[in-house]
Every structure is written in structure tokens, then in C-alpha cells.
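**Q** Here is the input, now give the coordinates:
(2 chains)
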Amino acid sequence: MRLTLREGVSRRLILAVLVLSVLMMALYAFGFHTFVDLWNRKHPNGQTETDSSNPLATYPAIASSLVLLGFYTINFLAGIMAIFAAVGSISGEVDNGVLHAIVPKPIRRWEIVVGKYLGFAVMLIAYIALMVTGVTLTSRWIGHYQPLHVVHATLLMMLVSLILLSLTILGSTFFSTLANGVIVFMLYGVAVTGGLVEQFGTLLNYETLIHVGIATSLILPSDTVWRYASYIMQPPIAISFQGPNPFGTTVPASPLAIQYAVGYAIVLLLLAVVRFRYRDL
Amino acid sequence: MASITTRNTLGTAAEAPPFPSEPAIEISGLRKVYGGKVAVEDLTLDVEAGEVFGFLGPNGAGKTTSVKMLMGLIRPTSGSARLLGKPLGNLGARSKIGFLPELFRFHEWLTGAELLDLHGRLYGMSGSERRRRIPEVLELIGLAAARDQQIRTYSKGMQQRIGLGQALINNPRLVFLDEPTSALDPLGRRDVRSIIVKLREQGITVFLNSHLLSEVESVCDRVAIINHGMVVATGRLEDLLQASLTVEMRLGACGPDLLESLGRVLAVHEVRASERTLVVAQASDEGEIAKAVDLIVAAGVPVYGVTPERRSLEDLFIKVIADETAGHADGTVR
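**A** Predicted coordinates for the structure are as follows:
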């Protein structure tokens, strides 16, 4: 685990991510500031007014949507980072021979898998915590808006990253770096699309679409967890303002789905441990 | 040397090497099958403590697969092995074993000293042990000056030496080196050889997997030659090489009687007779040559020169592999 962390530092991965994240936060704060500025100019009575364009377009609804976009971006980036960082973590190091000198050491093979997992997990969790703090503070200081259940939502976003991390590391015990990358990204894409399909199914009351959505969320529950997070962090007014969309949801996932997701992350990690234990290097 | 099992043992296994302790490596019936393909047929072998043991074989004979099984990188299909008296995978034994893999790359963003520190930690060494041991190892492998350079800036020879360093960081009692010099130039090879000699002086058992025969010849006490995943010859290097000597004798004019009696002692290959006689013959040991010389002297024939030629390991290797392969073709070995 320490090694994975140090690799991140030494390869300037963490530095690059931090610089880009600061840049992103600056842009985000600027955007939020511009919105608040425009709203205040258009609505002399301030943030209690409703915009004339749409009865649902209240200040909290739009501010909440902005926060949602911020969180969505963090969630998306953390997911991508989880996949990229871990995509060759086992097979890549088998191919280039790094593990050949590590495995014969007096350590158990599961320690290698779990150590890598923890190393990546710490990086992802720190990243999400940092970025969520940035977005929340921007919203409070510039927009005077406090998103709901931030801590709960943040934990769920961390769960999303850990799910993807488990899946990617498991894949890496089977497939080459390239094949694993393609497979995990396809599943990731399918999960996002599946979530959207399920929303439309609910909206139109089409059973088949709902079943498709549920099926995809069983294959990879990352999107379900994110949509659950997006639902609890917003006031109902913002949710009805947005309608079905790629970023949030109008239908909350059941708490059972979250339990499934936690189990999913753990089971996949265990499968990775078992698979690596029996793999010939 | 109780349980050396070979299909066709060259040399004598009678004289036990002077190592009274238990074998460092005991391999019995180790076998690996990938899919339907047999990589290692049936490997049975003992290596005594303190030996430098050469593990030879042509490419594809199963050398690396065998070493990987011993190192826990590959699961044997069947058979078993004990290292330092412990079954494979025993962590206590592993902490006293060093391994330099054939294909390796280390975390190249680390410096040499950091890499040794990392591997020391993987071996479970304490901070003070590592601080004491790392400079020693850097000195031994000749990288003390490059300790704070990143490994990515190392030359191939330096990378090989730092690889050797990580295998030695734990003060191992048993070291496996898989083709340690195949990527090196002659100077680099000499350096590695001298490190192996130093290890032997410290009583460390070295298992050297190599196809470079001259290297094995210069450092190993005992060798095993494997082909098709089976040991086809094993023994002390001197015994294997002495198993057959070619001798060239330059003599005065010989009568047919003498040549006939010489033929009973030696396997005469060639006789060229003019004023003097040149006899090229094969002897199975030096005693036979002495006997032949006695006969010649007794017959009153002058001896101008007797030149025994020790067979090189290369000749032996080629012969053993050729015999074994021919046996395979006939179906007589299996």
C-alpha cells in the first residue's frame, strides 16, 4: 500500500491531479459566481424569487443543480482515476516482471492485492474528500447555498470509486492492461446508460426498460450508487426542476441497492485475491 | 547424496560432497503441465547446503518454469519440494531465500538504495537492520556510488547488479539466480561471477540457472543438466567432465601386438603410423591412461608425448542432450 502511494507521488501523478483539480475548482467558483451575479441583477428581490421562464426555476433549484454538476464531475473523475490507476496493477506488473521479485518474498499473495487496493483507495478517498470540500465551500461562500446530506453523499461517491476499483483490480488479475481497460470502460458506459434507461422506463412506465436498468445496475452498481447520492443531496424542488437527466435522478434507488453495492465491492476484491492466489506468474 | 535420481547418471555419485547438513533444496517429482503441454516432466534433485549448483539445459527445457515453481510464482501440477527443509511457500524459509528473476524490472522511479530498502522491508527486516545491511550490499555489488540515482538511469549491467542486491539484502542462506548474466557484457559477467564466488566463500548455497556453460564451468561445484523437463545428468562437475577423456599419444614405431593390447585398455579411435605413431583414444579415467603408458614402456617403445584432453562442459552438454533427444525419438527413455 505504501508502495502504491509512493508510486503515485514519484510518478507525479498526484501532483498533476492536484494542479488540474485546483484549476477546475477555480473555474467552478468563477462559474458559480457568474450565476449568482446574473441572478441578483435579474431578480431585485434576491434569492426567494422564482425565475419568470419556469415556475420550477427557483434559486435553490438552480444552485442545487450547479452543486450537482460539481459533484457529478468529481464522481466521474474519481471513477476514471480508479480505472486508470488500477487497470494494469496486476497484469501489467506480471508482464513487466516487477511482481516476480515481490511474490517470492515472505509475504502472502493476498497482501499484495489488498495492499494495492488500499493504496489506490486512500488516494481516491482523499481526492473525493478534498474536491467535495471545495465544491461545498464554493456553494456556501459564493452562492449562500448549503447542499443537503453532504457527508452521506460523499461516502456514497467514495463507494462508487471503490466499486470501480474492485472491478478494475479483479479484471487486472485476468486480462492484460489493454483488454481490462476496454472491458471496464464498456461496463462503466453500460452502467451509466442503463441508469438513464431505467429513469425513462419509470417516467413512461415501461416495465422492460426498468428491468434493463436494474440488470445493468446488478452488473455494475456504480451508477445506481451515484444516483442515490444525487437524490439525497438535493431538495425535491431541484429534482423536479431537473427531470430525468444523465447527471441525477427523479427516482431514488432503494437502500437495498446500496447494500448490494457494498457487497459487490467486497466480493469482487475477494475474487481478485482468490484469482491472484492461484494464478501462475 | 542419497536420492539423486537420473535417467543416465554420468560420473560417480559415490563420493559425497563434504556438506554434512541437510540439503538446501530437495525436489521430488515436480511436474508442471500447462493445458496439455508438459513444461516440466518430472524433476527430482537435491542440492546440498553451501554448494554452487548449476542448473543447465537448452532453451525450453523447463529451467525457468522449475525455478518459478520453487519460488512460488507457479503452482506445480504435482510433486513436492523443500527449501531449507521447509515445504514450498513457507514464509520462514522464504525470508532466508534470495531470488533474482530472469525477466525482471524494478520500480524504476526508486533510487538504488530505496529499492534495497523496499525489498528489505518486504523481507521483514527492521529499520536498523536495513540501515546496516544496505551499504554492505551496495558495496558488494559495486553500486555504492550510484545509491542515490534513480534506477531508470542505470545501465543494464547496473540494473542486473541491483537485482542481485535485492536478492542478497536479507543475508540469505540460499540464493536462486535465473540467467543472471545473459544480458551482460563480458565485464559485467565477470563481476557477477566474482560475486557468486564471494557468496560461496560465505557458505551461501547458490542455485544458478544458466545456459552459459563457461560461466557454470567456472563457478559451479555440481551441475544438473535437464532436457524436456527431466534431469538427464547430474553430479560433481569434475566427475562429469572426467567421465571421458580423450588422450593423444605420440609414440615411437609400434607393433600390432602393442596396438592390440592398447585397444584392450583404451577405446582407440585413430592410429597414424609412419616413423612415429600417433594414437588418439578415449579413456574413462586417468588410471586407464597410466595403464596404457605402462604397457607402452614395457614394450620398450619410446613415449614422446601423452596429452589428455579434458572434455569441456560444452561437449558434455551437447552429447548428453543429443543422447537424450535420440532416446526420446526411439521411445527408449520414456
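**Q** quick one: which helix or strand includes the residue of chain A most remote from its centre?
**A** Each residue of chain A has a distance to the centre, and by Cα atoms, centre = their mean the biggest one is for residue A:44: 37.8 Å. Under DSSP states H and E, no helix or strand contains residue A:44.
**Q** what's the distance between it and chain B?
**A** 58 Å (Cβ to the nearest Cβ, to the nearest Å). All C-beta atoms are positioned from the backbone trio N, CA, C, and that covers glycine.
**Q** can you tell me how far that residue sits from residue A:114?
**A** In this view, residue A:44 and residue A:114 are 59 Å apart by Cβ to Cβ, to the nearest Å.
**Q** Look at the nearest residue in space to residue A:246 that is not next to it in sequence and report its pLDDT.
**A** Nearest residue to residue A:246, sequence neighbours excluded (Cβ to Cβ, 6 or more residues apart in numbering or on different chains): residue A:196, at 5.9 Å. According to the prediction, residue A:196 has pLDDT 84.
**Q** Residue A:196: how many residues sit nearby?
**A** Look at residue A:196: counted by other Cβ atoms under 10 Å in any protein chain shown, it has 19 neighbours.
**Q** Any regions of the chain where pLDDT drops low?
**A** Let's take chain A. By pLDDT under 70, the low-scoring segments of chain A are A:1-12.
**Q** um, chain B though
**A** In chain B (pLDDT under 70), the answer is B:1-21, B:242-244, B:310-311, B:327-334.
**Q** can you give me the helices in it?
**A** In chain B, the helices defined using DSSP state H lie at B:63-70, B:91-94, B:112-122, B:127-140, B:156-168, B:186-201, B:213-219, B:237-242, B:256-265, B:286-298, B:313-330.
**Q** Could you dump the ones you listed into a markdown table with mean neighbour count added?
**A** Listed next are those as a markdown table, based on neighbours: other Cβ atoms under 10 Å in any protein chain shown:
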| stretch | mean neighbour count |
| --- | --- |
| helix B:63-70 | 24 |
| helix B:91-94 | 16 |
| helix B:112-122 | 22 |
| helix B:127-140 | 16 |
| helix B:156-168 | 22 |
| helix B:186-201 | 16 |
| helix B:213-219 | 19 |
| helix B:237-242 | 19 |
| helix B:256-265 | 14 |
| helix B:286-298 | 15 |
| helix B:313-330 | 16 |
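**Q** Tell me who's in contact with the residue nearest to the spatial centre of chain A.
**A** What sits nearest the mean C-alpha location of chain A, by Cα atoms, centre = their mean, is residue A:75, with 3.0 Å. Each residue near residue A:75 by Cβ atoms under 8 Å, 6 or more residues apart in numbering or on different chains is listed here: A:128, A:157, A:160, A:161, A:226, A:229.
**Q** wait, which of those is closest to residue B:96?
**A** In terms of Cβ to Cβ, no member of those lies closer to residue B:96 than residue A:161, at 40.2 Å.
**Q** is it true that that closest one touches residue A:79?
**A** Yes - shown here, residue A:161 and residue A:79 form a contact pair, counting by Cβ atoms under 8 Å, at 6.1 Å.
**Q** The two: which has the busier surroundings?
**A** Neighbours around residue A:161 and residue A:79, counted as other Cβ under 10 Å, are more numerous at residue A:161. The numbers are 28 against 25.
**Q** quick one: the more buried one from residue A:74, how far?
**A** Taken as Cβ to Cβ, the span from residue A:161 to residue A:74 is 10 Å.
**Q** which residues are common contacts for these two?
**A** Joint contacts of residue A:161 and residue A:74 (Cβ under 8 Å, 6+ apart) are residue A:128.
**Q** burial measure for the one residue in the stretch 201-334 of chain B that gets nearest to chain A, as a count.
**A** Nearest residue of the stretch 201-334 of chain B to chain A, counting by Cβ to the nearest Cβ: residue B:207, 12.6 Å away. As a burial measure, residue B:207 scores 26 neighbours (other Cβ under 10 Å).
**Q** Tell me which residues touch the residue nearest to the spatial centre of chain B, please.
**A** Residue closest to the average C-alpha location in chain B (Cα atoms, centre = their mean): residue B:54, at 1.3 Å. Neighbouring residues of residue B:54 by Cβ under 8 Å, 6+ apart: B:208, B:210, B:216, B:219, B:220, B:222, B:223, B:224, B:237.
**Q** switch to 6 Å and redo it
**A** For residue B:54, the contacting residues are B:208, B:216, B:220, B:223, by Cβ atoms under 6 Å, 6 or more residues apart in numbering or on different chains.
**Q** With residue A:247 instead?
**A** A:68, A:72.
**Q** mind checking how far it is from chain B?
**A** Per Cβ to the nearest Cβ, residue A:247 is found 37 Å from chain B.
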